[in-house]
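Participant: kindly return the folded structure for what I paste below:
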Amino acid sequence: MRVIVTEQGALIPKQLLEGVREIEIHNQQGILLVLPIFEGDPILQLGQEPITDLVEDASINHDRYLYANP
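Facilitator: The predicted model follows:
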C-alpha cells in the first residue's frame with residue numbers, strides 16, 4: 001500500500017488500525033514502525049480464556065508436564 005505524504009504527514013487507513021485507539025511511531029534506521037498501544041497489561045489477561053483438557057492437576061504439576069521426558 002502506498003500513501004501520499006502531505007505537508008501535514010501521511011494518513012494511515014482506518015481499516016489497518018481496527019480496534020486500536022493509540023499508536024506509537026518509531027523511526028529505526030529509516031524504517032518507520034507503527035506499533036499499536038493496547039490498554040491494560042497483557043500479563044493480567046493470562047487465565048482469562050483457559051483451555052480445557054483431561055489433565056486436572058496441571059496447575060500443581062505444570063513442571064512435570066512441561067519438562068517430562070518422552
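Participant: mind listing the strands for the chain?
Facilitator: 22-28, 31-37 (DSSP state E).
Participant: dump those strands into JSON lines; add mean pLDDT, mean neighbour count and distance to Ala68 as well.
Facilitator: In this view, the C-beta of every residue, glycine as well, is placed from N, C-alpha and C. JSON lines is the format used below for the strands of the chain (pLDDT from 0 to 100; neighbours: other Cβ atoms under 10 Å; distance: least, Cβ to Cβ, whole Å):
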{"stretch": "strand 22-28", "mean pLDDT": "94", "mean neighbour count": "9", "distance to Ala68": "41"}
{"stretch": "strand 31-37", "mean pLDDT": "93", "mean neighbour count": "10", "distance to Ala68": "37"}
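Participant: can you pull the buried residues of stretch 63-70?
Facilitator: Going by neighbour count (16 or more other Cβ atoms under 10 Å), nothing in stretch 63-70 comes out as buried.
Participant: which residues of this structure score low on pLDDT?
Facilitator: Low-confidence segments of the chain (pLDDT under 70): 69-70.
Participant: show me what contacts Val3?
Facilitator: Ala10, Leu11, Ile12, Pro13 (Cβ atoms under 8 Å, 6 or more residues apart in numbering).
Participant: residues touching the last one, list them.
Facilitator: Counting by Cβ under 8 Å, 6+ apart, Pro13 makes contact with Met1, Val3.
Participant: how about the first one?
Facilitator: With contact set as Cβ under 8 Å, 6+ apart, Ala10 has these partners: Val3, Ile4.
Participant: roughly how far apart are it and Asn27?
Facilitator: Separation of Ala10 from Asn27 (Cβ to Cβ, to the nearest Å) stands at 13 Å.
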